[in-house]
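> Next one to model:
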Amino acid sequence: PAAAKMLYRVGFASAAMLLAAVVQMHSELALPQLPGGQNGDDGESFTFYGFIAALGVGLQGVALLEPDLSLQTLAHLGGALAFFYGAWCHMGAAQKLY
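Reported below is the predicted structural model:
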C-alpha cells in the first residue's frame, strides 16, 4: 500500500500543478482577448477560483482519505470542497466571460 499511496500523491500533485499551469496560461493568453477579461472582476474571479480548484486537488493528494475520521480525512474532505467550490465559481466566471 505504501507504493500505491505514493503513486496517488504524485498523481494528484501532478494534476494540481497541471491545472494551475493551465489556469495561469489562460489568464495570460486568452483573458486579454476577452472583453473585461484581464482587468475586469470576472477575469480575476476566473483566475482566482481556478487556482482554488487546483489547490483543492493538491490538498486531496497530500492528505489521503482514511477509514476513520481523522485530521487527515478532514483535510482531504476540505480539499474536495475547495475543488468543487473553486470549479463551480470558475465556471460561473467563465459563463460571464464567454
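
> Which residue is the nearest non-sequential neighbour of residue 82?
Among residues not flanking residue 82 along the chain, residue 56 sits closest, at 3.2 Å (C-beta to C-beta, 6 or more residues apart in numbering). C-beta coordinates here come from the backbone N, C-alpha and C atoms, glycine included.

> Please disregard the earlier target; I meant residue 65.
residue 76 (4.6 Å).

> Okay, and the one you found sits in which element?
Using DSSP states H and E, residue 76 falls within helix 71-97.

> Can you spell out which helices and strands pack onto that helix?
Counting by 3 or more C-beta pairs under 8 Å, 6 or more residues apart in numbering; DSSP states H and E, the packing neighbours recorded for helix 71-97 are helix 41-62.

> The helix it packs on: which residues count as buried?
Neighbour counts over helix 41-62 (16 or more other C-beta atoms under 10 Å) mark 42-43, 45-61 as buried.

> Contacts only, for the residue nearest to residue 81 when sequence neighbours are not counted.
In space, residue 81 comes closest to residue 56 once its chain neighbours are excluded; the distance is 7.1 Å by C-beta to C-beta, 6+ apart. Residue 56 is in contact with 78-86, counting by C-beta atoms under 8 Å, 6 or more residues apart in numbering.
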